[in-house]
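Chemist: The sequence and its predicted three-dimensional model are supplied below.
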Amino acid sequence: MVATPPARQQSVEEIYDLLKKAVAARTPIAAIYNARRRFLCPHILGRSKEGSLHALCYQFGGESHSGLQPKRSPDNWRCIRVDMLSEVELIEGRWRSPDNHSRPQTCIADVEFDSENPDLSRWKAKATSA
């Protein structure tokens with residue numbers, strides 16, 4: 001029997017870069033979070049009040065400690081610490097968000113990118129100021 005080598009560990013910076021790509025392209029991701037495989041659409045990226053990197057994601061599949069609600073439920077929003085994600089990969093599929101996407105988020109105090117408002121993105125401002 002041949003042992004499978006462990007997957008290369010992704011750095012927080014690599015994970016955050018993948019999340020940026022997913023948000024900008026509105027592409028879903030698969031990842032491990034709290035030892036559970038999840039399928040997510042990251043909508044907002046930034047920092048919490050304490051300064052840690054977070055992603056506000058809509059979970060549309062996989063496992064969850066609290067359980068998933070029916071499809072398109074506003075209760076499937078997850079505020080995820082980026083440093084607790086692993087095995088992050090962009091996946092094919094359609095972008096998902098509940099119809100009533102108006103619930104305000106409070107986990108990200110310093111928004112760096114919002115998929116609903118890309119013109120307000122600090123990344124865009126940085127890219128055009130060079």
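Modeler: Looks like it arrived, so ask away. Numbers count the residues shown, from 1 in each chain.
Chemist: Which pLDDT value belongs to the residue lying closest to residue 75 once chain neighbours are set aside?
Modeler: Taking Cβ to Cβ, 6 or more residues apart in numbering, and ignoring the residues beside it in sequence, residue 75 has residue 69 as its nearest neighbour in space, at 4.2 Å. Heads up, the C-betas are built off the backbone N, CA and C, glycines and all. Residue 69 is assigned 80 on the pLDDT scale.
Chemist: repeat for residue 110
Modeler: Predicted confidence (pLDDT) at residue 110: the value is 92.
Chemist: now residue 101
Modeler: So, for residue 101, pLDDT stands at 57.
Chemist: Then residue 60?
Modeler: pLDDT at residue 60 comes out at 94.
Chemist: and it, what element?
Modeler: Secondary structure assigned from DSSP states H and E places residue 60 in strand 53-62.
Chemist: Need the residues that contact that strand.
Modeler: Under the contact criterion Cβ atoms under 8 Å, 6 or more residues apart in numbering, strand 53-62 has outside partners 12, 16, 19, 28, 30, 36-48, 68, 71, 76-83, 85, 96-98, 105, 107-108.
Chemist: in its sheet, what does it sit against?
Modeler: strand 36-47 (antiparallel), strand 77-81 (antiparallel) (DSSP bridges).
Chemist: what is the rounded mean pLDDT of the longest one?
Modeler: Per-region confidence: strand 36-47 scores 96 on mean pLDDT.
Chemist: Centre of the chain to that strand, how far?
Modeler: In terms of Cα atoms, centre = their mean, to the nearest Å, the centre of strand 36-47 is set 2 Å apart from its chain centre.
Chemist: Repeat that for the last one.
Modeler: On the basis of Cα atoms, centre = their mean, strand 77-81 is displaced by 7 Å from the centre of the chain it belongs to.
Chemist: mind checking which of the strands paired with strand 53-62 is nearest residue 89?
Modeler: Smallest distance to residue 89 across these (Cβ to Cβ): 10.6 Å, for strand 36-47.
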